[in-house]
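Peer 1: I need the structure of the sequence given here:
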Amino acid sequence: MWERLKDNPLLRFLLLGGLSYLSWYVAYEFWLRPDTSLDEWVIVWIVQGSEWILELSGYALTQFEAAPWMNRVGIEGAPSLYVGEACDGVALFALFAIFIFAFPGPLKHKLWYIPAGMLVVHWVNVIRVVALAIIVNINPAWLQFNHDYTFTIIVYGVVFALWYGWIQFFSPAGKNRKQASHA
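Peer 2: The predicted model follows:
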């Protein structure tokens, strides 16, 4: 059984990825999510990053009453955005990390590529919130479509591009294909 798993990269990826996802799901649903501190911490960083970019871009921001933690972004005179746990990117961090972890490649590269990729995903999410704040400032009716479709495609596209980059540059699967095409 173990030899078959070792020799079949697809089976190894599916088993390792599936077990990793199951472990993540249980840990998140029963420990991390009820505690809320991970989601709150990520949301605060999204809000602060978004506000920083919006202020650098010359927008005046809505000031919100002190709350237990920051979860709203708004341009003065426009409806504000609420950044909830479903939009904080934590699930995408886990999905990305599991994909890279489960896919073949050197551990020494996984140890830097996973955090770097998560940072890229986080900043793409910050830029998404900035763009949504600008969109709602221009025309609030455009918010729902762009939130649900445009930026979902963009963010998942970035995750896919990072995974593809892993395959091309670090995975034996990508290197084998390159060698075969040059032969």
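
Peer 1: show me where this protein has strands.
Peer 2: All strands of the chain, identified by DSSP state E, fall at 72-73, 81-82.

Peer 1: Dump those strands to JSON lines, plus distance to I114 and mean neighbour count.
Peer 2: Using the backbone N, CA and C atoms, a C-beta is placed for each residue, glycine as well. Conversion of the strands of the chain to JSON lines gives the following (distance: least, C-beta to C-beta, whole Å; neighbours: other C-beta atoms under 10 Å):
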{"stretch": "strand 72-73", "distance to I114": "28", "mean neighbour count": "20"}
{"stretch": "strand 81-82", "distance to I114": "28", "mean neighbour count": "16"}
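
Peer 1: possible to save these as JSON lines with distance to S37?
Peer 2: Shown next, in JSON lines, are these (distance: least, C-beta to C-beta, whole Å):
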{"stretch": "strand 72-73", "distance to S37": "19"}
{"stretch": "strand 81-82", "distance to S37": "19"}
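
Peer 1: how about the ones you listed, which one is nearest S23?
Peer 2: For the strands of the chain, proximity to S23 was assessed by C-beta to C-beta; strand 81-82 is nearest, at 30.1 Å.

Peer 1: Direction included, what does the closest one pair up with?
Peer 2: Note on strand 81-82: by DSSP bridges, its sheet partners are strand 72-73 (antiparallel).

Peer 1: Please list the residues outside the strand it pairs with that contact it.
Peer 2: With contacts defined as C-beta atoms under 8 Å, 6 or more residues apart in numbering, strand 72-73 is touched by 47, 50-51, 54, 61-62, 64, 80-83, 129, 133.

Peer 1: Of all the helix elements in the chain, which one is longest?
Peer 2: Assignment by DSSP state H gives helix 107-138 as the longest helix of the chain.

Peer 1: helices and strands around that one, which ones?
Peer 2: Helix 107-138 sits against helix 37-56, strand 81-82, helix 90-102, helix 143-145, helix 151-169, with contacts defined as 3 or more C-beta pairs under 8 Å, 6 or more residues apart in numbering; DSSP states H and E.

Peer 1: what two of the contacts of strand 72-73 are the furthest from one another?
Peer 2: The most widely separated members of those, counting by C-beta to C-beta, are L54 and Y82 (15.7 Å).
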